[in-house]
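> compute the structure for the input listed below.
(chains A and B)
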Amino acid sequence: MTRDEVMAKVREHLAAELEVDAGEIEEGTRFREDLDADSLDLYELVMELEDSYGIKVPEEEAARIETVGQAVDFVLGHVPSA
Amino acid sequence: MSPDAGAVPVALDGFGADGGFEVIAAGARAAAADGIDVRVFGPPGELSDLEAVDGVEVCTATEAISNDDEPVRAVRSRPGASVALAAGDVAQGRSRALVSAGSTGAAMTAALFALRRLHGVHRPALAVQLPVPSRDRPVLFLDVGANAEARSSHLVQFAYLGAAFAGSVLGIERPRVALLTVGEEQGKGTPLVVEAHDVLARAGGIEFAGNVEGRDLPAGSADVIVTDGFTGNVALKTMEGTAGEIGAAVRAAARLGPRAALGGLLLRPALGRLRRRLDPDTTGGAILLGLRGVAVVAHGSSGPDGIANAVRLAARCVRERAVERTAELLERSGATRASLRDADERDRTEHR
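Okay, here's the model as predicted:
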């Protein structure tokens, strides 16, 4: 799994759920400030990533994810190796 | 297909009722007698009375989430809990609606995570049907606690969620929707309410009736009354407490002497009918609006009638296509998240 693939997944989810243009979502995009997302939106992203990649995101770590790039980093750092 | 055709299986959380498994079993049995399939998630040993009941299936769940548990953490870490299994049953399509009399937070969280929000909905809202003594249909009051904090766009969407429910499930044609605040005039209230009022006053697709005050809640001045979850919960609990205290005072007054007792006796049938109408068990519980499925949260103190009525309400929401009609109204009226954001941006541009 590549970084681009995870980024595409995150971008697809956020664009659909937050109804924003996928082209506006970059690695440095901040969930709250730039996408007007709230804690519920972030939880839904976390659950989507958990289901898609078979990972488990502890509450404390989920709360620390502030940017799109950090979400991608988290997946790549925790996904079980093939 | 007519709205009443076809089976509507409802997933019922077997835990959580103050009256225990007995109340859940009796409620499930009563709802099944009405032709509703009920899938009860609880310990088979405690629900053995239901084994031979037509239309009821007991699905094994031995773990509960209590009011003492933190809802999000508990739902995420205990997928085998009864409310999580029941919500999952709906998400997987085996049931069509969720009913729980357990922890409100856990029921809302499980429903939210399993069923997800409707496309374009910011936040779901918890709605209750308030009985109105002076008329035969209730007032729908929301949000009564799903969100402690709200933005004006949330209140605007709550207005549409409530209008869709009142239209589809309560059968009110063109329901009148009002905002709860501290004065009837436009401009009364917090910036949140004033902003929501401005948007709703120009909005299409619903009958916006302006502002109402707290005293209008039990008077039925509007069909749907909208507020934030903090205010709504305080108002609801205040009404419940006041009604209980007044009821107790009336009963005490009727025992003060022979003449009072005679008057009380004469009034008893009429007061009994009124009490049954105003009983929370009659309306069947609160409904979580804005999800892709139906979720009803029954009062923990529900008796068998309350549980049965919650299941009936859930089945009715499915039959009346409440979710689909909510989505249609939001889309048709330009009240989805993206539409509201675009409208807000247009406003800001015009006022620059």
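
> all the helices of chain A, in order from the start?
With helices called from DSSP state H, chain A shows them at A:3-18, A:31-35, A:39-53, A:59-64, A:68-78.

> quick check: the residue of the stretch 151-300 of chain B nearest chain A.
Sorted by distance to chain A under Cβ to the nearest Cβ, the residues of the stretch 151-300 of chain B start with residue B:151, at 8.9 Å. Quick note: C-beta positions are derived from backbone N, CA and C, even for glycine.

> hang on, I meant chain B
Among the residues of chain B, residue B:338 lies nearest to chain A; the distance is 3.5 Å by Cβ to the nearest Cβ.

> what sits against that residue?
Contact analysis of residue B:338 by Cβ atoms under 8 Å, 6 or more residues apart in numbering or on different chains lists A:19, A:20, B:120.

> give me the buried entries from these.
Burial of the contacts of residue B:338 was assessed by neighbour count (16 or more other Cβ atoms under 10 Å in any protein chain shown); the buried members are A:19, A:20, B:120.

> what count of nearby residues applies to residue 11?
This is for chain A. Taking other Cβ atoms under 10 Å in any protein chain shown as the neighbour definition, residue A:11 ends up with a count of 19.

> that's the other chain; I wanted chain B
Residue neighbour count, defined by other Cβ under 10 Å, stands at 31 for residue B:11.

> what's the helix or strand for it?
Residue B:11 is located in strand B:10-13, with elements delineated by DSSP states H and E.

> following element in sequence after that strand, please.
The C-terminal neighbour of strand B:10-13 among helices and strands, as given by DSSP H and E, is helix B:21-33.

> other residues contacting that next one?
For helix B:21-33, the surrounding residues in contact (Cβ under 8 Å, 6+ apart) are B:10, B:12-15, B:17, B:38, B:40, B:42-43, B:46-47, B:49-50, B:53-56, B:101, B:302-308, B:310-312, B:315.

> got a list of what residue A:46 touches?
In this structure, residue A:46 makes contact with A:57, A:62, A:65, A:71, judged by Cβ under 8 Å, 6+ apart.

> tell me where the model's unsure across the chain.
By default, I'm working from chain A. Using pLDDT under 70 as the threshold, the predicted model of chain A has low-confidence ranges A:81-82.

> let's do chain B instead
Low-confidence segments of chain B, defined by pLDDT under 70, are located at B:1-6, B:274-278, B:280, B:347, B:351-352.

> re earlier: most neighbours among the contacts of residue A:46, which one?
residue A:71 (25 neighbours).

> helices and strands around the strand or helix carrying residue B:296, which ones?
Secondary structure assigned from DSSP H and E places residue B:296 in strand B:294-297. On a contact count with 3 or more Cβ pairs under 8 Å, 6 or more residues apart in numbering or on different chains; DSSP states H and E, strand B:294-297 meets helix B:82-91, strand B:97-100, helix B:104-115, strand B:286-289, helix B:304-319.

> in CSV, list these along with mean neighbour count and distance to chain A.
Rendered in CSV, the data for the helices and strands packed on strand B:294-297 read as follows (neighbours: other Cβ atoms under 10 Å in any protein chain shown; distance: least, Cβ to the nearest Cβ, whole Å):
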stretch, mean neighbour count, distance to chain A
helix B:82-91, 26, 12
strand B:97-100, 32, 17
helix B:104-115, 25, 6
strand B:286-289, 28, 13
helix B:304-319, 25, 22
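
> out of those, which gets nearest to residue B:279?
Nearest of the helices and strands packed on strand B:294-297 to residue B:279, taken as Cβ to Cβ: helix B:304-319 at 8.1 Å.

> starting at the chain centroid, how far to the closest one?
Mean C-alpha position of helix B:304-319 versus that of the full chain (Cα atoms, centre = their mean, to the nearest Å) differs by 11 Å.

> stretch B:144-162 too?
A distance of 13 Å separates the centroid of the chain from that of stretch B:144-162, by Cα atoms, centre = their mean.

> same question, stretch B:207-218
Distance of stretch B:207-218 from the chain centroid (Cα atoms, centre = their mean) equals 18 Å.

> how far does that stretch stretch from one end to the other?
20 Å (Cα to Cα, to the nearest Å).

> find the nearest non-adjacent residue to the closest residue to chain B within chain A, please.
With Cβ to the nearest Cβ as the measure, the residue in chain A that lies nearest chain B is residue A:19; the distance is 3.5 Å. In this structure, residue A:19 finds its nearest non-sequential neighbour in residue B:338, 3.5 Å apart by Cβ to Cβ, 6 or more residues apart in numbering or on different chains.

> how about residue B:335, what does it touch?
In this structure, residue B:335 makes contact with B:120, B:156, B:157, B:160, B:203, B:205, B:329, judged by Cβ under 8 Å, 6+ apart.

> which strand or helix spans the residue nearest to residue A:19?
If you go by DSSP H and E, residue B:338 is part of helix B:337-350.

> in that helix, which residues are buried?
Residues B:337, B:340, B:341, B:343 are the ones in helix B:337-350 that count as buried (16+ other Cβ under 10 Å).

> likewise stretch B:134-153?
Residues B:138-147, B:150-153 are the ones in stretch B:134-153 that count as buried (16+ other Cβ under 10 Å).
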